[in-house]
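Visitor: A structural model of the following input is requested.
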Amino acid sequence: MVKKIMVVLLLLFLRLSAADAWQQETDGFGGLHWGMPVSQVKSSYDTKFIRYGKHNVEQYRVTVPHASGELGLYGPCTTVCTFRNNELMMIGILLFRSPDTVDRSFDEAVTVLTERCGVPETFRDEVIWPGKTSFLGLTKRPAMVEITLMGTRYLKACRKPAEMKNEYK
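Guide: Next up is the predicted model:
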């Protein structure tokens, strides 16, 4: 899931490296900011280790207790935070839904994010807002809608898409 978004974002970055920032562009979510070390996140949030990956990559489930309207979200949010070399580089916001409401939730999220961030780029089944500081992606899954944010400085450092497919093997 996260790997697919990274590949799409990398491809878009290569194509749109001079893109304008999206409206209300952010440098993270819910008090989480690009470059934060794992220890700082652990000291401020309910955090649970998920897994290690290759190339100094780690993932944690992080609960943001009080989203305050960022990206149209309010209240507690479950996220998957990806760190590379002990720096926060990507945040996946997981919006769990029943399978019969995923399509409607996805469409609503596209509407809200378009109002806040401008007209998105569409690449295959992904909706993406490229920016100067962050890339924002929206994906529909069988039982959730996922909003993915990634710091562009980390996107620039990503390896070739073929290498990224094996990140967690």
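Visitor: Select the longest helix from the chain.
Guide: Of all the segments assigned as helix in the chain under DSSP state H, the longest by residue count is helix 102-117.
Visitor: Buried residues, whichever helix or strand comes after that one. List them.
Guide: Going down the chain from helix 102-117, the next helix or strand is strand 121-123, by DSSP states H and E. Buried positions in strand 121-123, judged by neighbour count with 16 or more other Cβ atoms under 10 Å: Glu121. Bear in mind the C-beta positions are built from the backbone N, C-alpha and C, glycine included.
Visitor: what's the average pLDDT for strand 121-123?
Guide: Averaging pLDDT along strand 121-123 gives 83.
Visitor: next one: stretch 138-155
Guide: When pLDDT is averaged along stretch 138-155, the result is 91.
Visitor: Just the terminal-to-terminal distance for it.
Guide: With Cα to Cα, to the nearest Å applied, stretch 138-155 spans 17 Å between its terminal residues.
Visitor: I would like the residues contacting the longest helix of the chain, please.
Guide: Applying Cβ atoms under 8 Å, 6 or more residues apart in numbering, the external contacts of helix 102-117 come out as 22-25, 71-72, 95, 97, 120, 127, 129, 136, 138, 140-145, 147.
Visitor: for the chain, what spans make up the helices?
Guide: When assigned using DSSP H, the helices of the chain occupy the ranges 2-15, 38-44, 102-117, 152-157, 161-164.
Visitor: Enumerate every residue touching the residue lying farthest from the centre of the chain.
Guide: Each residue of the chain has a distance to the centre, and by Cα atoms, centre = their mean the biggest one is for Asp100: 23.7 Å. Under the criterion of Cβ under 8 Å, 6+ apart, Asp100 has no neighbours.
Visitor: Okay then, goodbye and thanks.
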